[in-house]
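S.K.: no sequence on this one, just coordinates:
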């Protein structure tokens, strides 16, 4: 089992070493505002990252989004995605999954705040062919802690040269996608 205090400490060290200047950390007031706007609590580890490391600007590739903005942020992206899905027969964004990072090309990493471990999902809309969006959702990691450990170790599918390694675990179709999307409309 991962020691979360140690994990957050190691993430903070890596974030500081990767970035000359990090955004300020988020305070309890901003966490409360974010959760009020979202209508649910952030996953506890995700909230700790924003409180104890920085307001985004660290992590793999494109780095974590800021929580509230300015500009594109976790809360704004989530609310926009949910608004776009409101009333749709086939919604594209499930309730409780907050986008934490863009991978570019309309792809996002998201944390399922309704999942105890905070599973990390990949939204990859390029295979969408009409109908349901479920084929666009992939399980990247069973939990946020494991996803962070992969980033810290440099062993993620997203790392440069990962396609040349045999030990890389690729995101797999998210088996909860159909049920979570059908309950999101």
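M.R.: Thanks, I have the structure now. Worth saying up front: this structure is predicted, and the values here are computed from it rather than measured.
S.K.: got the contact list for the biggest helix by length in the chain?
M.R.: For the chain, the longest helix by residue count, based on DSSP state H, is helix 4-18. For helix 4-18, the external contacting residues (CB atoms under 8 Å, 6 or more residues apart in numbering) are 22, 45, 48-49, 52-54, 57-59, 145, 148-149, 151-152. In short, each C-beta sits where N, CA and C put it, glycine included.
S.K.: neighbour-wise, which of those residues leads?
M.R.: Each of the contacts of helix 4-18 was scored by neighbours using other CB atoms under 10 Å; the highest score is residue 49's, at 29 neighbours.
S.K.: what about the helices in this protein?
M.R.: When secondary structure is read from DSSP H, the chain shows helices at 4-18, 28-38, 44-52, 74-85, 144-153, 177-182.
S.K.: same list, those helices, but as CSV with distance to residue 108 please.
M.R.: Shown next, in CSV, are the helices of the chain (distance: least, CB to CB, whole Å):
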stretch, distance to residue 108
helix 4-18, 20
helix 28-38, 16
helix 44-52, 14
helix 74-85, 8
helix 144-153, 13
helix 177-182, 14
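S.K.: can you tell me which of those the model trusts least?
M.R.: Averaged per stretch, pLDDT over the helices of the chain is lowest on helix 177-182, reaching a mean of 89.
S.K.: which elements pack onto that one?
M.R.: When contacts are defined as 3 or more CB pairs under 8 Å, 6 or more residues apart in numbering; DSSP states H and E, helix 177-182 packs onto no helix or strand at all.
S.K.: thank you, goodbye.
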